[in-house]
Structures are given as C-alpha cells and as structure tokens.
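Colleague: coordinates for the following, if possible.
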Amino acid sequence: MRHKYDLGLVSVSFRSSSPEEILSAMRQAGLSHVEWGSDVHAPCGDRERLCEIAQMQKELGVTCSSYGTYFRLGETPLSELEHYIAAANILGTEVLRLWCGAKSGADMTPGEKEALFEQCRKAAVIAEKNGVMLCMECHKKTFTERKEDSEALMRAIASPSFRMYWQPFQWLTREQNAEVARTVSPFTEHIHVFHWKGDQKLSLWEGMEEWREYLSLFSTPRTLLLEFMPDGQLESLPREAEALKIMIGDTE
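Modeller: Sure, this is the predicted structure:
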C-alpha cells in the first residue's frame, strides 16, 4: 500500500553540490521530490539552466515539489515576483516558498504589520492570477516565526494561493513545536524535516518518535522534504532517507 506522503529533499541541504549530483543521490536514496533553491542551484534569471534541470528531472523521474525562493515579502519588490513564478513554471511546480517580512511579528508596530499584510494580499492576487501557491516558511526573524502571527496572517489573507510551510524550531521544546504544528496545520502545504536540538544537528533516526507525533497533527497528505544532513554530507542522504521512510511506515 502506498504511503500518503511524497518524500523529497531541499536542494539547499547541499549548496556545494551540483543539481546533477543532487538528483543522482536522490535517486539512489529513493526520494522522488525536490525543492530547488533559487540562490545557488536554480537562479530565476537563468532560463537555460532551469530548462536543463527540468530535463534532468524528467529523465530521472524526479518531481519538483516546490521552488525555494529567497523572495522576502515587504522587502523584495513585488514586481520581481512574476520572474520567480516563471522559473517555477519551467521547473514544473506550482508551489513557491517565500519569507514573510524581515522580523518577528512581536517586534512590528501596527503600521508595519498592516503594510506587510497589504503586500501579502497583493502577492496573493498575483499568485491567484498565475495559478500558483505562495507558501510562507516558519523562519526565525520573519513574521511567521510565531504561531499566533502565522495563524493571524493566514486568516487575514484567506487565499488558497497563500499558505504555509511548517518545520520545528530547534530552540523550542517538543511540546511547544507540537503546539505550533497544531496551529498551522490547516494552512500547511509542505514540511521541512530535520532533527536539531539547539546547536546540535542530530540524525533523524534519533527523532523518529518526536516526528511521528508532529505528523499526527496534520490531517491531510503532505510533502516531506529532508533539509540538511546532521553532518552536512551528501553521503549521509541514503541513511536519513531510510529513517524518513521507516518513520512513516514505508518499509517496502
């Protein structure tokens, strides 16, 4: 029986490796989905390279789950958004990961918050017109750093083209991360998977039970994307991918 998750990798896990090397390693590890980063591997302005990557994906049977941009709402001009959307189209994905603002909602004035929300509304309209989905990452020093701000943003924008990612914060407790996951679950499209505790980057093998609890809080299928290896090495991908498969009960 097929599991309900699509399993993949975030390419920024291996910034020093080429897309060819990453796709080859993914195939060996049995991962079928990739999120390309716009900073190194798949720059939005390099159409030739984007087309090459799309062809390699096709040849190796890999699906682009998402385009990991470093577009920052409230900071990057909205006029640039359609360039990123065009790149995502070449890669074959309708999902773009964005960052929301440049600081936590806790540090924003009401005026700053409203200005950011207005940018988000405009971005959502652009996404709707282009048939894509913009997903905000739960990232430190962005507006979606806190669960209450993430929920408020999703409810304020209220667009199927404007959603979330989820990932645990290594500085929060298991219980706190579970509460964040529970709060953003209705709005979450993809999940970044890693197991860190503070400054320690640990193997997913050590965090299986914790992750099973987290995943139980999401009621519908998600794409699970491994992000970063405990040692930063490409050679560790098969072992971490195996942990991911066992964690979700995919042992075929």
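
Colleague: what is the burial count for Asp199?
Modeller: 7 (other CB atoms under 10 Å). Any C-beta I mention is one placed from the backbone N, CA and C, and that applies to glycine too.

Colleague: what sits against it?
Modeller: Taking CB atoms under 8 Å, 6 or more residues apart in numbering, we find Asp199 in contact with Gln170.

Colleague: how much space separates it from Gly37?
Modeller: Applying CB to CB, to the nearest Å, the value for Asp199 to Gly37 is 23 Å.

Colleague: ditto for Leu226
Modeller: 14 Å.

Colleague: joint contacts of these two?
Modeller: Shared contacts of Leu226 and Gly37, counting by CB under 8 Å, 6+ apart, come down to Val10.

Colleague: what ranges do the strands span in the chain?
Modeller: 6-10, 33-37, 63-73, 95-100, 133-136, 162-166, 188-193, 195-197, 200-202, 223-226 (DSSP state E).

Colleague: now those in JSON lines, with mean pLDDT, mean neighbour count and distance to Arg212?
Modeller: Formatted as JSON lines, these follow (pLDDT from 0 to 100; neighbours: other CB atoms under 10 Å; distance: least, CB to CB, whole Å):
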{"stretch": "strand 6-10", "mean pLDDT": "97", "mean neighbour count": "24", "distance to Arg212": "15"}
{"stretch": "strand 33-37", "mean pLDDT": "98", "mean neighbour count": "25", "distance to Arg212": "20"}
{"stretch": "strand 63-73", "mean pLDDT": "97", "mean neighbour count": "23", "distance to Arg212": "22"}
{"stretch": "strand 95-100", "mean pLDDT": "98", "mean neighbour count": "25", "distance to Arg212": "24"}
{"stretch": "strand 133-136", "mean pLDDT": "98", "mean neighbour count": "26", "distance to Arg212": "23"}
{"stretch": "strand 162-166", "mean pLDDT": "97", "mean neighbour count": "25", "distance to Arg212": "15"}
{"stretch": "strand 188-193", "mean pLDDT": "97", "mean neighbour count": "23", "distance to Arg212": "12"}
{"stretch": "strand 195-197", "mean pLDDT": "95", "mean neighbour count": "17", "distance to Arg212": "12"}
{"stretch": "strand 200-202", "mean pLDDT": "95", "mean neighbour count": "13", "distance to Arg212": "16"}
{"stretch": "strand 223-226", "mean pLDDT": "97", "mean neighbour count": "24", "distance to Arg212": "12"}
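
Colleague: just tell me which of those strands ends up closest to Glu20.
Modeller: strand 33-37 (12.3 Å; CB to CB).
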